[in-house]
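Asker: Sequence first, then the predicted structure, then my questions.
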Amino acid sequence: MAYADQSMSGNRIAVLVIVALLHLLLIYGLVTGLAYEATKKVIKRVTTVDIEEEVKKEEEPPPPPEEVFTPPPPVAPPVKIEVATTPPPIQTTPTPPPPAPVVIAPPAPVPPPPPPPKPATPRNNPGTWATPNDYPSRALREEREGTTSFRVTIDDRGRVANCEVTASSGHADLDAATCKNVTRRARFRKPSDGYGNTYSNRVRWVIPD
């Protein structure tokens, strides 16, 4: 009897535990379902209220605009347009004749340069233009000697128009005697026959023996 009592006691405890678990599950299900339903109702209520309020706000019509009197626009009288029935005559400009061709004459040939003038040539002996007899007396007494270079300009008659010393002898009296005697005695061919109008030479003054 003791073993049987213990077995029954253990089965009873197991049944009680199972019953208790079923009650807990039932209570959890009820609580969870109620909470879900309550939450669903609250969400529905809040959403419904907000949407209805927004719909009501949007449905409010705006106030009617104030009527403003606008005068009618002015009407201009129609413009009279005259249309010519005949077109104007077309004026044609006569075509000008083509210009005459320009004839360019060839340039005139360049004349050859003139030949260089020939040197003037004396008609008499240049050795006779200044002689020992023309030696200045003072230079002769002082025994002064030297060579004077000169250049003369010839006129149209072939005579000396001007005389100038180009290289001095070192003595003014010998230079003056040179131009004096050459101007007096020298004769040249006329420059008009192609000869130049200048002539250059020199006189050597030496004391005679």
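Answerer: Thanks, I have the structure now.
Asker: for the chain, which spans come out with low pLDDT?
Answerer: Where the chain drops to pLDDT under 70, the residues are 1-11, 29-92, 192-194.
Asker: tell me the domain boundaries of it?
Answerer: 1-60, 126-205 (automatic domain parsing).
Asker: What are the boundaries of the strands in this structure?
Answerer: Secondary structure of the chain (DSSP state E): strands at 146-154, 160-167, 198-205.
Asker: Nearest to residue 183, out of these?
Answerer: Closest to residue 183 of these is strand 160-167 (Cβ to Cβ; 4.5 Å). Where you see a C-beta, it was placed from the backbone N, CA and C, and this is true even at glycine.
Asker: Okay, angle between that closest one and strand 198-205 too, please.
Answerer: 60 degrees (axes from the mean of the first three to the mean of the last three Cα atoms, to 10 degrees).
Asker: just checking, what packs against strand 160-167?
Answerer: strand 146-154, helix 172-185 (3 or more Cβ pairs under 8 Å, 6 or more residues apart in numbering; DSSP states H and E).
Asker: How about residues contacting the longest one?
Answerer: Looking back up the chat, that one is helix 172-185. Contact with helix 172-185 is made by 124, 128-130, 134-136, 138-139, 144, 146, 148, 150, 152, 160, 163-165, 168-169, 203, 205, as judged by Cβ atoms under 8 Å, 6 or more residues apart in numbering.
Asker: List the buried residues in that helix.
Answerer: 173, 174, 175, 177, 178, 179, 181, 182, 183, 185 (16 or more other Cβ atoms under 10 Å).
Asker: And for the shortest one?
Answerer: For strand 146-154, a neighbour-count test (16+ other Cβ under 10 Å) marks 146, 148, 149, 150, 152, 154 as buried.
Asker: shouldn't the third one be in contact with residue 164?
Answerer: No - when contacts are counted by Cβ atoms under 8 Å, residue 149 is not listed as touching residue 164 (9.9 Å).
Asker: circling back: do you know which of the helices and strands packed on strand 160-167 lies nearest residue 116?
Answerer: Taking the helices and strands packed on strand 160-167 one by one with Cβ to Cβ, strand 146-154 is closest: 16.7 Å.
Asker: Using PDB, write out every CA atom in that closest one.
Answerer: Taking Å, rounded to 0.1, in the frame of the first residue of the first chain, the C-alpha atoms of strand 146-154 are listed here in PDB:
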ATOM      1  CA  GLY A 146     110.500 123.300-101.600                       C
ATOM      2  CA  THR A 147     107.700 121.700-103.700                       C
ATOM      3  CA  THR A 148     104.200 123.300-104.000                       C
ATOM      4  CA  SER A 149     101.300 121.200-105.200                       C
ATOM      5  CA  PHE A 150      98.400 123.100-106.800                       C
ATOM      6  CA  ARG A 151      95.000 122.700-108.500                       C
ATOM      7  CA  VAL A 152      93.500 125.100-111.000                       C
ATOM      8  CA  THR A 153      89.900 125.600-112.200                       C
ATOM      9  CA  ILE A 154      89.600 126.200-116.000                       C
END
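Asker: Name every strand pairing with it and say which way it goes.
Answerer: Its sheet considered, strand 146-154 pairs with strand 160-167 (antiparallel), strand 198-205 (antiparallel) by DSSP bridges.
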